[in-house]
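Chemist: no FASTA, just this:
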């Protein structure tokens with residue numbers, strides 16, 4: 001309260017700014033819940049308690065033995081997750097998501113088994129939601145997690161049946177694998193419905209292979225029953241996909257995960273910030289579009305996420321909306337506002353667009369990865385032009401000071417730290433790609449007559465400087481990936497900057513005639 005009143009007093013006296021910059025807050029409690037072992041153990045115990053309830057609440061033989069075997073399977077599952085997906089195992093929220101989705105699928109199996117008396121027994125194998133967990137995790141986290149839950153949900157689910165049924169395990173495994181395969185690249189929600197249809201067809205075919213469709217005898221075929229079984233299989237697959245499509249947005253919000261579907265929705269050019277950028281800073285807007293093309297192609301070349309790179313590129317320079325006229329791409333002809341400023345002040349304005357961009361991104365509730373891209377795309381790189389200009393002015397001042405018998409101490413030192421961005425450096429592959437694409441696209445504007453060799457030299461020089469300046473030290477890009485990114489940049493820049501054939505105006509009859517020809521014809525007609 002005291003700090004608030006003191007701030008109000010300073011603002012009223014004109015000694016403080018009324019603007020409070022937004023910032024991302026780190027909470028020790030949140031960190032403990034996300035990475036602490038206490039929360040991790042609580043999640044695992046809760047899953048096993050729920051599994052025990054599902055097993056002991058059903059009329060099964062030897063439930064204790066089944067539960068102990070399930071505990072052994074659980075230990076195997078956690079070990080496999082720790083070895084193959086250590087980041088998911090370390091993240092308690094990710095672990096909670098995986099186990100919660102598995103538990104929901106097992107609950108669905110248990111509910112169907114509890115109501116087998118009210119339905120035709122031949123429908124039960126077709127009603128199990130085999131693809132529920134694989135569909136959700138394949139779309140949310142990736143195919144490896146989808147395959148992971150397909151395997152272990154099949155094993156746990158088999159212990160809920162009255163007796164061990166290998167057909168259930170095979171049906172669940174193959175159907176789950178097919179669900180993962182058809183959702184490798186889901187960019188529209190309609191693709192989920194199509195995936196559900198494929199899952200339903202796969203379930204029916206597998207059930208027919210194992211003799212669960214029919215009965216089909218030599219004496220005759222019950223086509224009516226087969227028709228209902230077909231509807232049940234297809235309906236279960238479609239219903240699973242519809243449920244998954246409906247709950248995905250809630251899961252994304254709850255667990256702070258963004259799917260490719262949501263990234264594509266964020267790429268809408270009608271976003272208020274992008275519309276402002278196109279109107280108030282058109283040069284920056286077109287620069288962002290070019291960076292998006294460069295980074296998307298480079299991401300595809302190294303197996304990174306091209307959709308994320310495109311969205312990050314759109315928003316990476318939104319901080320320039322605060323003072324757009326101070327950036328080269330938005331300057332008018334013949335006017336440079338930096339001519340009236342000292343190099344230090346110019347550098348402060350240029351560097352400030354990162355903090356201003358983070359402020360605008362938080363204000364408009366942009367995705368956390370986009371905020372990170374805005375903050376990290378310059379890393380701790382040097383604003384080289386104004387740094388060199390400051391060094392030149394310092395040298396000139398020292399020469400003038402010798403003439404006027406001034407001491408060197410009277411001339412302020414030029415500190416390199418004052419001309420560097422605050423960072424941090426790029427932390428993931430997508431942000432590193434956007435960072436490189438940003439510098440390459442900006443520098444490519446200075447090439448007067450672009451040729452393949454000049455473009456290659458420019459790209460290689462910029463990438464080498466970034467590596468020498470240690471700007472890529474904290475991202476997981478390998479040297480081979482950086483080489484492929486450079487090749488992608490050269491190809492994309494060559495296609496973007498290629499020269500066009502000049503068509504003579506006289507060879508096109510629909511063009512205006514040269515002025516001397518038109519004058520001659522008018523004189524002839526007047527005569």
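Modeler: Received, thanks. The structure presented is a predicted model; accordingly, all values stated were derived computationally and were not measured. Numbers count the residues shown, from 1 in each chain.
Chemist: and residue 176, how far from residue 322?
Modeler: With the distance defined as CB to CB, to the nearest Å, residue 176 ends up 50 Å from residue 322. Every residue, glycine included, has its C-beta placed from N, CA and C.
Chemist: more neighbours, those two?
Modeler: residue 176 (28 against 17; other CB atoms under 10 Å).
Chemist: in the helix or strand containing that one, what counts as buried?
Modeler: According to DSSP states H and E, residue 176 maps onto helix 166-181. By 16 or more other CB atoms under 10 Å, the buried positions in helix 166-181 come out as 167-169, 171-181.
Chemist: who's in contact with the helix or strand just after it?
Modeler: Tracing the chain past helix 166-181, the next element assigned as helix or strand by DSSP H and E is helix 190-209. Applying CB atoms under 8 Å, 6 or more residues apart in numbering, the external contacts of helix 190-209 come out as 125-126, 130-131, 135, 139, 170-171, 174-175, 178-179, 182-183, 186, 213-214, 229-230, 233-242, 244-245.
Chemist: at 7 Å what do you get?
Modeler: Helix 190-209 is contacted from outside by 125-126, 130-131, 135, 171, 174-175, 178-179, 182-183, 186, 213, 230, 233-234, 236-238, 240-242, 244-245, using CB atoms under 7 Å, 6 or more residues apart in numbering.
Chemist: same question, stretch 86-104
Modeler: Against stretch 86-104 from outside (CB under 7 Å, 6+ apart): 33-35, 39-40, 43, 47, 50, 81-82, 132-133, 136-137, 145, 149, 152-153, 255.
Chemist: show the buried residues in these.
Modeler: Going by neighbour count (16+ other CB under 10 Å), the contacts of stretch 86-104 have 33, 39-40, 43, 47, 50, 81, 132-133, 136-137, 145, 149, 152-153 buried.
Chemist: what about residue 412, how many neighbours?
Modeler: Residue 412, neighbours per other CB under 10 Å, totals 11.
Chemist: so what's residue 441 up against?
Modeler: Contacts of residue 441 by CB under 7 Å, 6+ apart are 287, 290-291, 294.
Chemist: what's the answer for residue 71, then?
Modeler: Per CB under 7 Å, 6+ apart, neighbours of residue 71: residue 48.
Chemist: that one: which element?
Modeler: helix 63-84.
Chemist: tell me the first helix or strand C-terminal of that helix.
Modeler: Remark: after helix 63-84, the chain's next helix or strand is helix 86-90, criterion DSSP H and E.
Chemist: which strands and helices lie in contact with the host helix or strand of residue 347?
Modeler: Applying DSSP H and E as the criterion places residue 347 in helix 343-363. Here helix 343-363 touches helix 368-376, helix 384-403, going by 3 or more CB pairs under 7 Å, 6 or more residues apart in numbering; DSSP states H and E.
Chemist: and these as CSV, adding mean pLDDT, mean neighbour count and distance to residue 467?
Modeler: Shown next, in CSV, are the helices and strands packed on helix 343-363 (pLDDT from 0 to 100; neighbours: other CB atoms under 10 Å; distance: least, CB to CB, whole Å):
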stretch, mean pLDDT, mean neighbour count, distance to residue 467
helix 368-376, 95, 23, 16
helix 384-403, 80, 14, 16
